[in-house]
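A.B. asks: 3D model of this:
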Amino acid sequence: MGKWVRSDGVISLRPWSEADVDEMVACLNGDEEIARWLEQVPQPYTAAEARIFLSRTDETTFAVVDAEKGGVLGGIGLKWNDAHDVAEIGYWARLDARGRGVTTRALKLASSLAFEEGAARVQLRADVENVSSPRRRGSRRRACCARRTGTRASGDARAG
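C.D. replies: Take a look at the predicted model:
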């Protein structure tokens, strides 16, 4: 269902496609946690909403898939600022993929892609009340950042 953009051997990122519509609906429709944290995901979530999402051009988005089986585990996207030097990352994971490190792995892969595309900084879009969301230990900030400096960055994303 599309060529992988990035993979760590456990999960892979690949572009979404029309063939993913039914799987997107299965992942997102009726999921109370996704509805709680992602106001841009309407409920009920239908094939029409999935197709609208696929037609958007304001974000670079990827399906997060199982590297071996290819099944959709979640989604991740990069939204660039006007200067194209800051990428904000938003993400979600399907219910049965949560708690397995899927989003942490996806964040690392998406961050490396953003830096390769010229980002000077990557910001994680996560609500501080979402305690299961990856973020720097002890941080209560709304957004975590990584800079292209080769140093360890908050959110456990690594630059460079």
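
A.B. asks: what comes up buried for the longest helix anywhere in the chain?
C.D. replies: The residue-count maximum for a helix in the chain (DSSP state H) belongs to helix 102-116. Within helix 102-116, the residues that qualify as buried are 102-103, 105-115, counting by 16 or more other Cβ atoms under 10 Å. (Each C-beta comes from the backbone N, C-alpha and C, glycine too.)

A.B. asks: Repeat that for stretch 80-98.
C.D. replies: Neighbour counts over stretch 80-98 (16+ other Cβ under 10 Å) mark 80, 86, 87, 88, 89, 90, 91, 92, 93, 94, 97 as buried.

A.B. asks: Tabulate those (JSON lines), appending secondary structure and pLDDT.
C.D. replies: Listed next are those as JSON lines, based on DSSP: H, G, I helix; E, B strand; the rest coil; pLDDT from 0 to 100:
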{"residue": "80", "secondary structure": "strand", "pLDDT": "93"}
{"residue": "86", "secondary structure": "strand", "pLDDT": "93"}
{"residue": "87", "secondary structure": "strand", "pLDDT": "94"}
{"residue": "88", "secondary structure": "strand", "pLDDT": "93"}
{"residue": "89", "secondary structure": "strand", "pLDDT": "94"}
{"residue": "90", "secondary structure": "strand", "pLDDT": "91"}
{"residue": "91", "secondary structure": "strand", "pLDDT": "93"}
{"residue": "92", "secondary structure": "strand", "pLDDT": "95"}
{"residue": "93", "secondary structure": "strand", "pLDDT": "96"}
{"residue": "94", "secondary structure": "coil", "pLDDT": "97"}
{"residue": "97", "secondary structure": "helix", "pLDDT": "96"}
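
A.B. asks: Give the other helices and strands that the helix or strand that the longest helix of the chain is followed by contacts.
C.D. replies: As assigned by DSSP states H and E, the chain's next helix or strand after helix 102-116 is strand 121-125. In terms of contacts (3 or more Cβ pairs under 8 Å, 6 or more residues apart in numbering; DSSP states H and E), strand 121-125 is packed against strand 86-93, helix 102-116, strand 143-147.

A.B. asks: Ok, which of those comes nearest residue 9?
C.D. replies: In this view, the helices and strands packed on strand 121-125 are compared for proximity to residue 9 by Cβ to Cβ, and helix 102-116 is the closest at 9.6 Å.
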